[in-house]
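J.: dropping the sequence and predicted coords here.
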Amino acid sequence: MLSEREVSAAIGSPAYGPDGEKIGTVEQFYVDDRTGAPTWAAVTTGLFGTKHSIVPAVDAAYVDGGLRLHVNKDAVKTAPHLTGEHLDPSDEAELRRHYGLDTALPATPEVAPRTSPGMPVATTSSEPATAETPIPAAAVPPPPPVAPAHDGGMVRSEERLLVSTERVAATRARLVKYVVTEEVQITVPIRREEIRIEEVPIDAPDPGPGESLVAPGDASGTAPTTSPIPAVGGALPEEIVLHAERPVVSVEVVPVERVRLRTEVVTGTEQVTDQVQREQIVVDQSGSPAR
């Protein structure tokens, strides 16, 4: 037997036969006015859901988001076409004969019909003296069976929010390379040649030529950078070529890092607000008529 939560969840869900074939969409349920158990269900069939059929729900089960019935699609299609907001005993008898359920629904002890202020509840009966009322698709699930009528009690029901999540596509990411130009400043040490005059004693040994940026025998030099100190009475070189270093800049492309895409799940919270209804029970007192 379906529970109250399953009855509420099954409204609007697909209905399947015992072979897994989809029959239609669950529109509403009919509950027994004695036990409060769902005994029949209204299913919309056809291409646009315009056909209305009544199917037995005593042995139905809510599995994987759908209502599993024990009748096939052909039996539902050929079911008696019943209209109105109530199923009278003759309608129930006709449905039982069609589905072969003459002994499937046993009689139940006498219980007062369940009613709640402002909240319609469908009722059915297994006795020939009662009628049935459908549960609208937008109605809340039927409340649990109440205590016997002689107890004088009343069951109060209220709505509760059932929140779930679904995964949707939010953003599309891709890898794209761009060339960005920026200035880079580097300090480069450079050298240059300078002329210095050295005064040495006349009998000091000749130390030879000084340092030069040009290697000996290099053709780039037009004249020796330095000359040996000439002998007394000798002449100095007519000119000396000085050399200097200067920066030479070149650019090369080298790989620096590897970039890849990876997703990770970040958990957050979100506030959900909705309106729910609840029943209130008050005592309606009326004064005695004056004599």
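T.: Good, I have the coordinates. Numbers count the residues shown, from 1 in each chain.

J.: let me know the pLDDT of Gly217.
T.: Looking at Gly217, its pLDDT reads 68.

J.: same deal with the one 3 residues further on?
T.: The model reports Ser220 with a pLDDT of 56.

J.: tell me how far the residue nearest the centre of the chain lies from Val265.
T.: Geometric centre of the chain, nearest residue: Arg167, 2.0 Å, by CA atoms, centre = their mean. To Val265, Arg167 is 10 Å away according to CB to CB, to the nearest Å. For every residue, glycine as well, the C-beta is placed using N, CA and C.

J.: check Leu161 too.
T.: 25 Å.

J.: neighbour count for those two, which is higher?
T.: Set Leu161 next to Val265 and count neighbours by other CB atoms under 10 Å: Leu161 wins out with 9 against 4.

J.: so what's that one up against?
T.: Shown in contact with Leu161 (CB atoms under 8 Å, 6 or more residues apart in numbering): 272, 274, 276.

J.: do that again at 6 Å, thanks
T.: Asp274 (CB atoms under 6 Å, 6 or more residues apart in numbering).

J.: Ile281 sits in which helix or strand?
T.: Ile281 is part of no helix or strand when elements are defined by DSSP states H and E.

J.: let me fix that: Thr39
T.: Per DSSP H and E: strand 38-45 holds Thr39.

J.: with just CA atoms, put that strand into PDB.
T.: C-alpha atoms of strand 38-45 as PDB (Å, rounded to 0.1, in the frame of the first residue of the first chain):
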ATOM      1  CA  PRO A  38      -5.600   4.900  -1.700                       C
ATOM      2  CA  THR A  39      -7.700   2.300  -3.700                       C
ATOM      3  CA  TRP A  40      -8.000   3.900  -7.100                       C
ATOM      4  CA  ALA A  41      -6.000   6.400  -9.200                       C
ATOM      5  CA  ALA A  42      -6.900   8.600 -12.100                       C
ATOM      6  CA  VAL A  43      -4.500   8.400 -15.000                       C
ATOM      7  CA  THR A  44      -4.400  10.700 -18.100                       C
ATOM      8  CA  THR A  45      -3.600   8.800 -21.300                       C
END
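
J.: from now on call the first residue 12
T.: Got it, first residue is 12 now, which makes that one strand 49-56.

J.: now that we're looking at the residue nearest to the centre of the chain, what pLDDT does it have?
T.: On pLDDT, Arg178 comes in at 87.

J.: report the distance from the longest strand that the chain contains to the chain centre.
T.: Across the chain, the longest stretch assigned as strand under DSSP state E is strand 33-42. Offset of strand 33-42 from its chain centre (CA atoms, centre = their mean, to the nearest Å): 29 Å.

J.: quick check: angle from that strand to strand 49-56?
T.: 140 degrees (axes from the mean of the first three to the mean of the last three CA atoms, to 10 degrees).

J.: looking at the strand holding Thr50 now, give me its mean pLDDT.
T.: 86.

J.: ok, stretch 101-118 next?
T.: 74.

J.: which helix runs longest in this structure?
T.: If you go by DSSP state H, the chain has its longest helix at helix 100-110.

J.: still on that earlier bit, mind listing the strands the strand holding Thr50 pairs with, and their directions?
T.: strand 33-42 (antiparallel), strand 62-67 (antiparallel) (DSSP bridges).

J.: buried residues, that strand. List them.
T.: Of the residues in strand 49-56, 49-56 count as buried by neighbour count, 16 or more other CB atoms under 10 Å.

J.: reformat the residues you listed as CSV; add distance to Glu263.
T.: Formatted as CSV, the buried residues of strand 49-56 follow (distance: CB to CB, whole Å):
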residue, distance to Glu263
Pro49, 79
Thr50, 84
Trp51, 83
Ala52, 77
Ala53, 78
Val54, 75
Thr55, 73
Thr56, 74
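
J.: out of the residues you listed, who's nearest Glu193?
T.: For those, the closest approach to Glu193 (CB to CB) belongs to Thr55, at 67.2 Å.

J.: the closest one and Thr36, how far apart?
T.: Taking CB to CB, one finds Thr55 at 5 Å from Thr36.

J.: do the same with Gly47
T.: Separation of Gly47 from Thr36 (CB to CB) stands at 24 Å.

J.: repeat that for Gln291.
T.: Plainly put, Gln291 is 34 Å away from Thr36 if you go by CB to CB.

J.: higher neighbour count, those two?
T.: It is Thr36, of Gln291 and Thr36, that has more neighbours when counted by other CB under 10 Å, with 18 against 8.
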